[in-house]
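>>> Structure, please.
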Amino acid sequence: MGGGEHGILADRVDLAGRDGFVGRHAQRHEFHRALGGAADTPRIFLVHGMAGIGKSALLRQFADDARGSGRNVIEVDGRDVGGSVSAFARRVTPVRQGGPVLLMVDGFEHCRGLETWLREAYLPGLPGDALVVLSGRHRPQPRWTVDPGWLGLVRRVPLGPLRPVESAALLAGRGVPAGRTAAVLGFAAGHPLALALAAESAREDAPADGDWVPGPYAVRSLLDDLLGRPPSPAHEFGLRVCGLVRHVTVDLLRAGLDAATATVVFDWLGALTGVTPARAGLLLPAVLRHALRADGWWRDPDAYQHLRSQLWSRLLDRAGTAPGETVPELLQLIRAVEPLEEEPMLVERPYTADRRAAVLRLARADLGDEQAGQVARWLDRQPEAFHLYHRAGSPEPLAFLAWLHLRTGADDGDDPDLAVVRDHLHRHGPLRAGEYVGVARFLVPGPFRVGAPAERIYAELLGERAGLVAGFVVLPDPGPMVAALERFGFTLLPPAPGAAARATFVRQPERRGLSDQEHQDAVRRILRDWHDPDAVAANPLARLYGGGDAVRDALCAALDALAADADRIRQQRVIRATYLERPTSQEAAAARLGIPFSTYRRHLKSAVQQLGQILQAQHVNAAARPASAVCLPHQPVSFTS
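Take a look at the predicted model:
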C-alpha cells in the first residue's frame, strides 16, 4: 500500500524531528561554508559527544543541507558495518559514481576499528570535493589533528549541552508548562535526551507548578541510555558516589571499596563517554550527576544518606590540607540533600560604592530601618566585607552577605548583635597578634540564607585562612540554615545577658598538626616558593604560624640556628644561595658557592632536613609556652576592623 499524497509515516516522523531541532548554529554555519566550497573550511568533520547529546539530530540537518545544495548523501550506520572493511566498502560504493558527495557515518563508536584504515587508506582516495562526517561517542584519535597532512582538512566537532535559551525553546515546543520550565532546565542541564524525557514527565506527572521532580521512569530511561547497566555492584557503588560529588577520586571510592577495586572502578568511570579528567578528579557531566543522584534517593534514601555521611567525613579530613579542592565538594554535598538541589543561579560580586543604595534598600526591606542603620555603619567600616549576589547578566544585587574580620584592640562600633560574640570570646580568652574571628553579620534577604550567600561562610571557615580562630553566624531567624550549619560543626550559643534576640552560631576550626613527613614536605615547598608571597601564604605551615610573614620569620630564625653551629654553617649558606638570595638553578648555586655539584646536592639535602627539624622543634617549644595576654579575662573584649 502506497503512502499517497500524505507520504509514509517515516516521512512524517522525520519532518517532526526536523521541525523540533534547536541550537547548534555554529556547527551548521561552518558546514554550510564547507558545502559552498570556502577555501578555509575542512573536508572532514569528526563529531563526538556523549549519548543523547544530539549527534544524530545534527547529522540529519547536515544531510538536509547537503541535499539542498545538490549533493549525493550516503549514510552509513556504524552498527551495520562493525569492524569489517568489506562491509563498509559495500555500503559506500556510490561514493565514486559521479557528482559531489557527502559521506556520513553515524554510530562510529561501533566501527572504531576502522579509524586508522579510513584515515590512511580509504579517505585519501575520495574525490577532492567530497565531504565526510564521522560521528560517535568517543573522542577521535589524536593523529587526525596532529598529522600535518590532515591538519587543515579535519575539524573536530565536540557537542556539549544546549544553551539555556535553546533548552527553553525545546521545552516550549514540547508543551512544558512555564511554571515547571526552571526545574526541568536545572535537572537536564542542556542535555537534549534528558530534556525530552523530562519534558514528557513535566507535562504529565507534576501535581503543581514548581513541584516537579523527575520521575523514576524518566531517570531510569535516561541512565539506561547514557550508561547501560553497570557490570558489578562495585561499579554501581562508584556511580552512586558520582551522584553526590563533583569530582570523583580513588580516595572517595574507598569509602565503600577496597583499594584495588576502587582503582578498577575509577578507571572504568574514566573511560565513560562525557567524563573529563581534571586536576581534582574525574568530572562527570551535570546531567549524569543529577540523574544518578535522583535515582539514588529514590531507590534507597537511607543508604544514600549513609553514603553521603561517609563522603562528608572523608572530605572533612582532607579540608585542612587541600581547602581549595575540598571546599567546593563539601558545598556540593550540602546541596545534595535533595535530588534536584544544585548550584544556585547567582553570581557573587564584590561590593562597590555605587551599589550602596541598592544594598541599603535590600536591608530595609528584609531587616527594617534599625538593622539597615547597622548595615550602613559596617559599610563605612569594612566595605570589603560585603559580598553581593546577582542573577547572571543583571547589575542589580538580589542578596548580600557581610563577612566581618574582627581583631582585638578597638571598639566594634557598639553593634548590639555582637554581644554574644563578645561574651564567647570573653570566656575563652583574648586573641593573639595576627588572629581574628570571622562574623557573618548580615545574610539578606531571608530566602537566600540557605543559598549562595551562606556558601561564603562555609568556604571561609573550611579554608581555615591564616589567623582565623573562630567563625560566627548571627541570624535574626536561622530557619532552614540550622541543619546546614550543624552539619558543618557549628554550635548554637546561648544568648548573652541583655543581648538582642539573635541566633548566634560558632565554629572553631580544628587545628590538625602536621605529621613529620608533611612538615618536611611543607618546608621544601616554602623554600621553593620563597619569592612567591601567595604561595607561601597558602603553605600548610602558614596556618600553624599565623600567616605567611610569620612562617618566613620562623624559618629565618631556624636558619640563624643553623649558622650558630660551626658544623652546619655550610648548610645554611647552601640554602640561602639556592632559595633565599634570588631564584636560581641548583647548578648556578653550586658554581656560586664554588663546590662540586655532587657535594652541593649532598649538602642541600642534609640542610633542608636539618632546617625542618629545627623549625619543628621551635614550633613545639613555642606552643608549650603560655600565650601572653592582650587583655585580662574580666575586661570587656573589643575588636578592631
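>>> make it CA atoms for all contacts and neighbour counts henceforth
Noted.
>>> in the stretch 101-250 of the chain, what spans have low per-residue confidence?
Within the stretch 101-250 of the chain, the segments meeting pLDDT under 70 span 205-211.
>>> where along it do the strands fall?
All strands of the stretch 101-250 of the chain, identified by DSSP state E, counting those that start in this stretch, fall at 101-106, 131-136, 154-158, 247-248.
>>> Including mean neighbour count and distance to A255, could those strands go into TSV?
Output for the strands of the stretch 101-250 of the chain, formatted as TSV (neighbours: other CA atoms under 10 Å; distance: least, CA to CA, whole Å):
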stretch	mean neighbour count	distance to A255
strand 101-106	22	40
strand 131-136	24	34
strand 154-158	17	34
strand 247-248	24	12
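>>> Which among the ones you listed is found nearest to V469?
strand 247-248 (29.2 Å; CA to CA).
>>> what's the closest one packed up against?
Strand 247-248 makes packing contacts with strand 281-283 when contacts are defined by 3 or more CA pairs under 8 Å, 6 or more residues apart in numbering; DSSP states H and E.
>>> buried ones in the helix or strand following the strand it packs on?
Using DSSP states H and E, the next helix or strand after strand 281-283 towards the C-terminus is helix 286-299. For helix 286-299, a neighbour-count test (16 or more other CA atoms under 10 Å) marks 286-297 as buried.
>>> and if you look at stretch 294-314?
Using 16+ other CA under 10 Å as the test for burial, stretch 294-314 gives 294-297, 304-305, 307-308, 311-312, 314.
>>> for stretch 25-42, same thing?
Buried, per 16+ other CA under 10 Å, within stretch 25-42: 27-28, 30-32, 34-35, 41-42.
>>> which residues sit in contact with L269?
By CA atoms under 8 Å, 6 or more residues apart in numbering, the contact set of L269 is 238, 275, 282.
>>> residues near the last one, how many?
Each residue near L282 was counted by other CA atoms under 10 Å, and the total is 20.
>>> quick one: it and T273 touch, right?
No: look at L282 against T273 with CA atoms under 8 Å: they stay out of range, at 11.8 Å.
>>> With pLDDT and distance to V22 added, can I get the buried residues of helix 286-299 in TSV?
Shown next, in TSV, are the buried residues of helix 286-299 (pLDDT from 0 to 100; distance: CA to CA, whole Å):
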residue	pLDDT	distance to V22
A286	88	20
V287	90	18
L288	91	21
R289	90	24
H290	89	23
A291	91	23
L292	92	26
R293	89	28
A294	88	27
D295	90	28
G296	89	31
W297	85	32
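>>> Kindly indicate which of these lies nearest I53.
Checking those one by one against I53 (CA to CA), the nearest turns out to be V287, at 10.6 Å.
>>> Quick check, the closest one in contact with L193.
No: counting by CA under 8 Å, V287 does not reach L193; the two are 10.0 Å apart.
>>> Next, count neighbours for A87.
Residues lying near A87 (other CA under 10 Å) number 12.
>>> Next, it: secondary structure please.
Here A87 is helix, with the state taken from DSSP: H, G, I helix; E, B strand; the rest coil.
>>> If you drop the residues flanking it in sequence, what lies closest to it?
Spatial nearest neighbour of A87, chain neighbours left out: V81 (5.2 Å); criterion: CA to CA, 6 or more residues apart in numbering.
>>> Ramachandran coordinates for the one you found?
Dihedral pair for V81: phi -110, psi -20, per degrees, to the nearest 10.
>>> Quick one: residues contacting it.
Residues near V81 by CA under 8 Å, 6+ apart: 87-88, 111.
>>> Try it again at 10 Å.
Residues counted as contacts of V81 (CA atoms under 10 Å, 6 or more residues apart in numbering) are 87-91, 108, 110-111, 114.
>>> Can I get these in CSV including distance to V73?
Below are these laid out as CSV (distance: CA to CA, whole Å):
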residue, distance to V73
A87, 18
F88, 15
A89, 15
R90, 15
R91, 12
F108, 17
H110, 21
C111, 20
L114, 21
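>>> Between those, which sits nearest V250?
V250 has its nearest neighbour among those in H110, at 29.7 Å by CA to CA.
>>> these two touch, right, the closest one and L134?
No: the criterion here is CA atoms under 10 Å, and H110 misses it with L134 at 11.5 Å.
>>> Can you check which residues contact both of those two?
With CA under 10 Å, 6+ apart as the test, H110 and L134 both reach G78.
>>> where does the residue nearest to D80 when sequence neighbours are not counted sit relative to V132, distance-wise?
Spatial nearest neighbour of D80, excluding adjacent residues (CA to CA, 6+ apart): A87 at 8.0 Å. Using CA to CA, to the nearest Å, A87 is found at 18 Å from V132.
>>> same thing with P497?
According to CA to CA, P497 stands 79 Å off from V132.
>>> Likewise for A202?
Separation of A202 from V132 (CA to CA): 39 Å.
>>> Fine, thanks again, bye for now.
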